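# sequence plus the predicted model coming up.
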Amino acid sequence: MLQLNGVSKIYHGRVTTTALSGIDLAVPDGEFLAIVGPSGSGKSTLMNIIGLLDRPTTGQYWMDGVEVTRWSDAHLAGLRNRSIGFVFQSFNLVPTLSARENVELPLVYRSVAPRERRRAAESWLKRLGLGHRMDYRPHELSGGQQQRVAVARALAGSPKILLADEPTGNLDDASRRDVAKIFEELCGSGQTIVLITHDGQFASVADRRLRLVDGILEQEARAASHAN
Amino acid sequence: MRIDDLVRQAWRPLRVYKLRTSLSLLGILIGVAAVIALTTLMHSASNSVDSRVESLGTNLIVATMNPLVGASNNQHDMTLGQAQKLGRLPGVSDAAPVDYETTAVSAGSRNAPVTLYGTTPHLADILQYRLAFGRYLTAADVASHLNVTVLGAQTSRQLFGRVNPVGRQVMIDHEPYTVVGVFAAKGAFLTVNQDAIVMTPITTYQDFSRIASIDSVYIQARQTAHLSHALDAVNRQLTAWFGNSGRYTLLTQSAILSVTQQITGLLTHVLVGVAAISVLVGGIGMLNVMLISVSERVREIGLRKSLGAKRRDLLMQFLVEAVIISLSGGILGVGAGVAASLALTSRFHIGAAINPAVPVLALAACVVLGILFGIYPAFRAARMAPAEALRCD
Ligand SMILES: Nc1ncnc2c1ncn2[C@@H]1O[C@H](COP(=O)(O)OP(=O)(O)O)[C@@H](O)[C@H]1O
Ligand SMILES: [Mg+2]
């Protein structure tokens, strides 16, 4: 269970930008939540805060009943390693490592023994249909394959929450459907997912949809009308 | 993070980006190779100089006439008779007048460049030349102004091959000489080849060069214990002849040794300083490459942080990367330096004296260098804010 209370994020750059304001959000375990919204509405900022990559300017973040906003960087890194699996729009695979080594990375930072983490990486890659591409380097894989490696990496550490920021943004239609199907299956197996996407069709497979507009979180219009 | 993983993560990009890695290696490699080669060369050269000077014997005194400067109040030159008289002073066992020029000697159509010594029989003794064939110069050769010569080993080989040339004729400065002996090979001393020589009687030399004066005299004291005694006697005698107007210089073996040691010591410092600067330049090159590498990998750094890498993990990863670069550069540099040392010392005909402490110190210095120049790029990588790093493209 994760919970945001009154979270805002203000960037003090050349100009001051309020990227998020007064976000209240609770994601129960096992929920598949989709957040949609136009570009620049603060989706990535929200994901960085949920993913413990950035700290809110105000507000609190509770994870399983523990307030983590003021934790040290090192503690947050450890928490991130255990609790969060990221999937990015641009895959973000380490170019010098093979698919398998990329998937092993979260376990490397958890000091898991090589043999054990290799087994975990291989089983995830096989599950995602990449059993025959484990020793390929990222540039030797298609976009869809790279994103599946990234999903395998996000899941290899058995995170509490899978956080995906427009995971289909750089993919063709077929790969997009693949990834959507994987997410649906994961949700079915009880994985908590927070998905940020432009893709209405993808969002429609989620349990719940929220819309972010100018840093303010609203019930998604269609979902809201549905509820009425 | 496990240590083996740390090394593996640091090692991988070095292997993948071979060109970049080799370029940043290269500066350090060259610097270390230069340090090793120069220290070894200087060390070997000064050993060789020392042993050569020492082989002249601890009881050698060299008296050299200085060139006339302006209107000196004493214009006298040393004569052959005076030179020989120095050999009969108390405490002195031998004295050989020496005058030399570089010229060529020929036999038939063959030609060889040589240093021509006009001297007396004693010089071969004092300079420790041994005979291969025939005989040394004799007092009779000198007394009779004979056109006879003893050849150095290399000169003999160049002119006559493997044949014993005793009794054959050679031409020196258009004059015919009869070969009476051949010295055994002696080896080169720095770049001075001691086997490309000919010795002729000083009297004959003076006849042809039309120079009646003696340039220098090699004097041997009877015993090392009597060296200062002999030196005093020689000095008194020379003062009596030439006054103390700076017409002559007296050098003893130990004085020569301390002068050469001062020179080689100074040269060593200068050259090692230059080489150390090149190591520093190599380190700065590596720093530059590391900084580029960090700024090209900002996203990767952000990603690793998102996966749970702590500051320390990234700091260590880039530090280990830098140390691997500098240490491999150092190891290759030691190899190249030792190879260059061996090549150069054999080129200059001196025994290679490689001090094992030098490579060990060089490698230790490389580790320090890697940490020193790696710390800043590594620190930059480690302190990046993960959200910022991931936004970057
Ligand atoms: N590091 C930053 N410094 C200043 N402004 C930022 C920074 N990151 C994001 N912003 C601003 O915050 C707003 C939200 O950005 P972002 O969360 O990336 O939106 P989205 O992902 O929905 O497109 C934008 O106006 C953006 O310009
Ligand atoms: Mg975004």
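Nice, thanks for sending it over. Ligands and ions are numbered 1, 2, ... in the order given.

# so the residue lying closest to residue A:174 once chain neighbours are set aside, which of the three states?
Among residues not flanking residue A:174 along the chain, residue A:144 sits closest, at 7.0 Å (Cβ to Cβ, 6 or more residues apart in numbering or on different chains). Glycine gets a C-beta too; all of them are placed from N, C-alpha and C. Following DSSP: H, G, I helix; E, B strand; the rest coil, residue A:144 is assigned to helix.

# so what's the residue nearest to the spatial centre of chain A up against?
In chain A, the centroid-proximal residue (Cα atoms, centre = their mean) is residue A:163; its distance is 1.4 Å. With contact set as Cβ atoms under 8 Å, 6 or more residues apart in numbering or on different chains, residue A:163 has these partners: A:47, A:50, A:51, A:84, A:85, A:86, A:87, A:154, A:194.

# how does it look with 7 Å?
Residue A:163 makes contact with A:47, A:50, A:51, A:84, A:85, A:86, A:194 under the criterion Cβ atoms under 7 Å, 6 or more residues apart in numbering or on different chains.

# partners of it in the sheet?
residue A:86, residue A:194 (DSSP bridges).

# count of neighbours near the residue in chain A that chain B sits nearest to?
Nearest to chain B in chain A, going by Cβ to the nearest Cβ, is residue A:81, at a distance of 2.4 Å. With neighbours defined by other Cβ atoms under 10 Å in any protein chain shown, the count for residue A:81 comes to 24.

# can you say which helix or strand has it in it?
helix A:73-83 (DSSP states H and E).

# ok, back up a step: spatially nearest residue to the residue of chain A closest to chain B (excluding sequence neighbours)?
In space, and not counting its chain neighbours, residue A:81 is closest to residue B:308: 2.4 Å by Cβ to Cβ, 6+ apart.

# any idea of the pLDDT on that neighbour?
Note for residue B:308: predicted pLDDT of 96.

# check residue B:284 too.
Residue B:284 carries a pLDDT score of 91 in this model.

# and it, which of the three is it?
Strictly by three-state DSSP, residue B:284 counts as helix.

# again, but for residue B:293
With three-state DSSP as the criterion, residue B:293 reads helix.

# can you tell me how far it is from chain A?
Residue B:293 is 11 Å from chain A, where distance means Cβ to the nearest Cβ, to the nearest Å.

# please report the distance of that residue from residue B:317.
Here the distance between residue B:293 and residue B:317 works out to 11 Å (Cβ to Cβ, to the nearest Å).

# chain A versus the closest residue to ligand 1 within the stretch 151-300 of chain B, what's the distance?
Residue of the stretch 151-300 of chain B nearest ligand 1, by Cβ to the nearest ligand atom: residue B:298 (13.3 Å). Relative to chain A, residue B:298 is positioned 11 Å away (Cβ to the nearest Cβ).

# what's near enough to touch that residue?
Contacts were defined as Cβ under 7 Å, 6+ apart; by that measure residue B:298 touches B:384, B:389, B:392.

# got the contact list for the helix holding residue A:81?
Outside helix A:73-83, the residues that touch it by Cβ under 7 Å, 6+ apart are A:51-52, A:63, A:68, A:71, A:106, A:109-110, A:157, A:159-161, B:305-311.

# what's the local residue count around residue B:262?
10.

# can you pull the pLDDT of it?
86.

# mind checking how far it is from residue B:216?
Taking Cβ to Cβ as the measure, residue B:262 falls 22 Å from residue B:216.

# in what helix or strand does the residue nearest to residue A:68 when sequence neighbours are not counted lie?
Excluding the flanking residues, the one nearest residue A:68 by Cβ to Cβ, 6+ apart is residue A:61, at 5.5 Å. Here residue A:61, judged by DSSP H and E, is contained in strand A:58-63.

# and what about the closest residue to residue B:2 other than its chain neighbours, helix, strand or coil?
Excluding its sequence neighbours, the residue lying closest to residue B:2 (Cβ to Cβ, 6+ apart) is residue A:111, at 5.3 Å. Of the three states, residue A:111 takes coil under three-state DSSP.

# what are the ranges of the helices in chain B?
Along chain B, counting by DSSP state H, helices occupy B:3-16, B:18-55, B:80-86, B:122-126, B:139-143, B:153-160, B:202-209, B:227-242, B:253-296, B:298-306, B:311-347, B:357-382, B:386-391.

# show me what the last one is packed up against.
Counting contacts by 3 or more Cβ pairs under 7 Å, 6 or more residues apart in numbering or on different chains; DSSP states H and E, helix B:386-391 packs against helix B:298-306.

# tilt between the helix it packs on and helix A:73-83?
Using axes from the mean of the first three to the mean of the last three Cα atoms, to 10 degrees, the direction of helix B:298-306 lies 80 degrees away from that of helix A:73-83.

# in helix B:298-306, what's buried?
The neighbour-count check on helix B:298-306 (16 or more other Cβ atoms under 10 Å in any protein chain shown) flags B:298, B:299, B:300, B:301, B:302, B:303, B:304, B:305, B:306 as buried.

# from chain A, how far out is the nearest residue to residue B:264 once chain neighbours are set aside?
Leaving aside its chain neighbours, residue B:264 sits nearest to residue B:46 (3.6 Å; criterion: Cβ to Cβ, 6+ apart). From residue B:46 over to chain A the distance is 48 Å, taken as Cβ to the nearest Cβ.

# could you check the pLDDT of residue B:46?
On the pLDDT scale, residue B:46 gets 82.

# just checking, it touches residue B:266?
No - applying Cβ atoms under 7 Å as the test, residue B:46 and residue B:266 come out as separate, 10.7 Å apart.

# so what's the residue nearest to residue A:68 up against?
A:4, A:7, A:49, A:67, A:68, A:69.

# ok, residue B:214 next?
Counting by Cβ under 7 Å, 6+ apart, residue B:214 has contacts B:65, B:78, B:79, B:80, B:83, B:97, B:99.

# coming back round to it: give me the neighbour count for the residue nearest to residue A:174.
A count of neighbours around residue A:144, defined by other Cβ under 10 Å, yields 19.
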